[in-house]
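Student: output the structure for:
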Amino acid sequence: MRVGPWRGKQHQVNDLHHEPAPRGGGGRVAIAISATETILTRSSAAWPQALTLIAVIAAASIAVWPTWPPLLHTWHVMPDYDYGELLVPFIVVWLAVRCEHLPAPTTRISLLAIASLLLSIAVWLVAYQASSNIGEQLMIPAILWSAVWSALGLPIAMRLAVPIACLYFAIPLWEFLVPILQSVAVRVTETILGVVGIPVHIEGFVVSIPEGTFKIAEGCAGRRYFVVCVTIAALLAGTTRMRPLRAAAFLIVAAALSIVTNWLRILTVIYAGHVTNMQSYLVRVEHLSFGWALFAVLMVVVCLIGSRFAQSGTLPPVHSEQRRGAAAMRELLMRPSMPIVLSILLIPFLAVMYSQNVLASTAASHGDRTVLLRLPMDVSGWSGPRSPGEEWQPRYPGAAAVQRGSYAGAAGDVEVFLAEYARSLRGRKLVSYVNTLFPADWMVLHRQDLRIGTANAAGPKVELLRLETPLGERWVLTYLYRVGGFDTRSATLAQITDGVLAWGGLHRSRIAAVASRCRPSCDAATARVRSFWSLARPQLLAQP
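Tutor: Residues are numbered from 1 along each chain as shown. Below is the predicted model:
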């Protein structure tokens, strides 16, 4: 049995006092008094920088105040992000704890930090005017961190980088991973089922075996597993002060475990359907409980792995000398960088007031009376426009003008949808979460680019989707955006362009969509919509 001093205890006592404590109860009292004095001393040294930091972060948060209500709404309505209401208070406490050992602020103004803050605000303003909630939310951590960097210097900003960056886990940016996770899950499922000898046919996100069909929908992509697992891993790595390489390795391990666990869930359900001829409880009744059970096991495993990573790979504690008292507080607030940072943070606040008053009143005075939207006429080889069918119903509320029609050609019919916006009003935009080209219960089976044009001249690419209705009928849908004379198939580029041009006042933006039923096949429908686009594109996108 090894006998010797306990280094952890000895280090803790040495931090409190170097003099030997008296024997008996007086020793315990002396240690308690010393501990109290140490805590008070550290707190009195830390509070000037803590209050200054709170002022900077509060000013930056108020500057982008329109972003917070939609984010709070997201936490309430999206189950995969409902932990955001707990994560943000945790980050606030984490920042407060970090304030105890902050390094001294720098004395020089960093032009690079000022540029970073200005750039972050500029991107936020474009996202705001484009009504891009996710774009605004993505800039919150960047603006907060750049404001701290500009006001207090890079050493303090780096010390607080990890807690501020963890805000990204409360922002629904991870939705962009869903198609990727879906595609990978489908390919892995196809491979493993083939290895175990189960015949399988894949079409889009639909997996067919002899006993039945399974659809790997967005909810089956493993988004919740991935987001929550990586969030827990990041919090463990940050709060235990893992070394950077070990923290990165831990995050990779946690992400890989979450993805593999979701694959296991999908394969288990499909295999159960195979061996029971679709009569398993997991197939016939529900498999949510099974998913939650796997999720609980996954969380336990991640926490155990995190504790092992943290045992021998943590950073040493940071100690710093800080000035105390009201004088230190005044010195921090009177730093030359503080008025500059606060002045810059007024920019988004004043810009929002300008948008809500000047731009809105200008748009309202012009109104939508000047918008004249016509369907293509006299398209060679096509007769129409005629009344459209009722099955395909795009929804673009707030558009200045909307037109729908159908055309008949030698190879079959196509349907056309046009929507145009003329006002620069926030919430009435070409690209918005309330706008949709097809009903929510239609499933995207495939997505690709489609080149349009004539034999003599190649045209632009449009976005092509293969869709399936709840009744099993399939459609081919193509679309293209035009914003201020700029054509793109990307909703993101259209939204960015719209946000930039909106600060200049009124401008036109339009979406043109052409769709056709897969009769006799989706390849035939693709040929029809390509032919119609090639002949009618100038009329579809014309903005008089």
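Student: please, where are all the strands along the stretch 101-250 of the chain?
Tutor: For the stretch 101-250 of the chain, strands defined by DSSP state E, counting those that start in this stretch occupy the ranges 201-203, 206-209, 212-215.
Student: kindly apply the preceding question to the chain instead.
Tutor: Listed in chain order, the strands of the chain (DSSP state E) span 201-203, 206-209, 212-215, 382-386, 401-409, 412-421, 443-453, 458-468, 474-483, 486-488, 509-517.
Student: could you tell me the angle between the fifth one and strand 382-386?
Tutor: Using axes from the mean of the first three to the mean of the last three Cα atoms, to 10 degrees, one finds that strand 401-409 and strand 382-386 are set 140 degrees apart in direction.
Student: what's the angle between strand 401-409 and strand 509-517?
Tutor: Interaxial angle, strand 401-409 versus strand 509-517 (the same axes, to 10 degrees): 30 degrees.
Student: mean confidence score for strand 401-409?
Tutor: The average of the pLDDT scores along strand 401-409 is 93.
Student: in that strand, which residues are buried?
Tutor: Neighbour-count burial for strand 401-409, with 16 or more other Cβ atoms under 10 Å as criterion, is recorded at 403, 404, 405, 406, 407, 409. (Glycine included, C-beta is placed from N, CA and C.)
Student: could you list the paired strands of it along with their orientation?
Tutor: Sheet partners assigned to strand 401-409 using DSSP bridges are listed as strand 382-386 (antiparallel), strand 412-421 (antiparallel).
Student: tabulate the strands of the stretch 101-250 of the chain (JSON lines), appending mean pLDDT and mean neighbour count.
Tutor: What follows is the strands of the stretch 101-250 of the chain, written out as JSON lines (pLDDT from 0 to 100; neighbours: other Cβ atoms under 10 Å):
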{"stretch": "strand 201-203", "mean pLDDT": "86", "mean neighbour count": "13"}
{"stretch": "strand 206-209", "mean pLDDT": "89", "mean neighbour count": "17"}
{"stretch": "strand 212-215", "mean pLDDT": "88", "mean neighbour count": "14"}
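Student: these: which one's closest to residue 486?
Tutor: When the strands of the stretch 101-250 of the chain are compared by Cβ to Cβ, strand 201-203 sits nearest residue 486, at 34.8 Å.
Student: ok, residues contacting the closest one?
Tutor: 186, 190, 207, 208, 209, 445 (Cβ atoms under 8 Å, 6 or more residues apart in numbering).
Student: ok, 10 Å please
Tutor: Under the contact criterion Cβ atoms under 10 Å, 6 or more residues apart in numbering, strand 201-203 has outside partners 186-187, 189-190, 193, 207-210, 213, 216, 445-446, 466, 468, 474.
Student: out of the residues you listed, which end up buried?
Tutor: 186, 189, 193, 207, 209, 216, 445, 466, 468, 474.
Student: ok, so of those residues, who is nearest residue 301?
Tutor: In terms of Cβ to Cβ, no member of those lies closer to residue 301 than residue 189, at 22.4 Å.
Student: gap between the closest one and residue 153?
Tutor: Remark: distance between residue 189 and residue 153 (Cβ to Cβ, to the nearest Å) = 51 Å.
Student: count the neighbours of residue 336 for me.
Tutor: Residue 336 has 9 neighbouring residues, counting by other Cβ atoms under 10 Å.
Student: among the contacts of strand 201-203, which one lies nearest to residue 54?
Tutor: Each of the contacts of strand 201-203 was checked against residue 54 using Cβ to Cβ; the closest is residue 216, at 45.9 Å.
Student: list the contacts for the residue nearest to that closest one when sequence neighbours are not counted?
Tutor: Spatial nearest neighbour of residue 216, excluding adjacent residues (Cβ to Cβ, 6 or more residues apart in numbering): residue 205 at 4.7 Å. Applying Cβ under 10 Å, 6+ apart to residue 205 gives the contacts 179, 182-183, 185-186, 214-218, 220-221, 443-446, 468.
Student: likewise residue 188?
Tutor: When the contact criterion is Cβ under 10 Å, 6+ apart, the partners of residue 188 are 259, 260, 262, 263, 266, 267.
Student: who wins on neighbours among these?
Tutor: Among the contacts of residue 188, the one with the most neighbours (other Cβ under 10 Å) is residue 262, at 27 neighbours.
Student: now the helices: where do they sit in the stretch 51-200 of the chain?
Tutor: With DSSP state H, counting those that start in this stretch as the criterion, the stretch 51-200 of the chain has helices at 68-77, 84-98, 111-129, 133-152, 154-159, 161-165, 178-195.
Student: just name the most buried of the ones you listed.
Tutor: A comparison of the helices of the stretch 51-200 of the chain by mean neighbour count, using mean count of other Cβ atoms under 10 Å, puts helix 133-152 on top with a mean of 24.
Student: just the C-alphas of it, formatted as PDB.
Tutor: Output in PDB follows, covering the C-alpha atoms of helix 133-152 (Å, rounded to 0.1, in the frame of the first residue of the first chain):
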ATOM      1  CA  ASN A 133     -34.000  33.500 -40.200                       C
ATOM      2  CA  ILE A 134     -31.300  30.900 -40.400                       C
ATOM      3  CA  GLY A 135     -28.900  33.500 -41.900                       C
ATOM      4  CA  GLU A 136     -29.500  35.900 -39.100                       C
ATOM      5  CA  GLN A 137     -29.200  33.300 -36.400                       C
ATOM      6  CA  LEU A 138     -25.900  32.000 -37.900                       C
ATOM      7  CA  MET A 139     -24.400  35.500 -37.400                       C
ATOM      8  CA  ILE A 140     -25.300  35.800 -33.700                       C
ATOM      9  CA  PRO A 141     -22.200  33.900 -32.300                       C
ATOM     10  CA  ALA A 142     -20.000  35.700 -34.900                       C
ATOM     11  CA  ILE A 143     -21.200  39.100 -33.900                       C
ATOM     12  CA  LEU A 144     -21.000  38.300 -30.100                       C
ATOM     13  CA  TRP A 145     -17.400  37.000 -30.500                       C
ATOM     14  CA  SER A 146     -16.300  39.800 -32.800                       C
ATOM     15  CA  ALA A 147     -17.700  42.400 -30.300                       C
ATOM     16  CA  VAL A 148     -15.700  40.800 -27.400                       C
ATOM     17  CA  TRP A 149     -12.600  40.700 -29.600                       C
ATOM     18  CA  SER A 150     -12.900  44.300 -30.600                       C
ATOM     19  CA  ALA A 151     -13.700  45.600 -27.100                       C
ATOM     20  CA  LEU A 152     -11.400  43.500 -24.900                       C
END
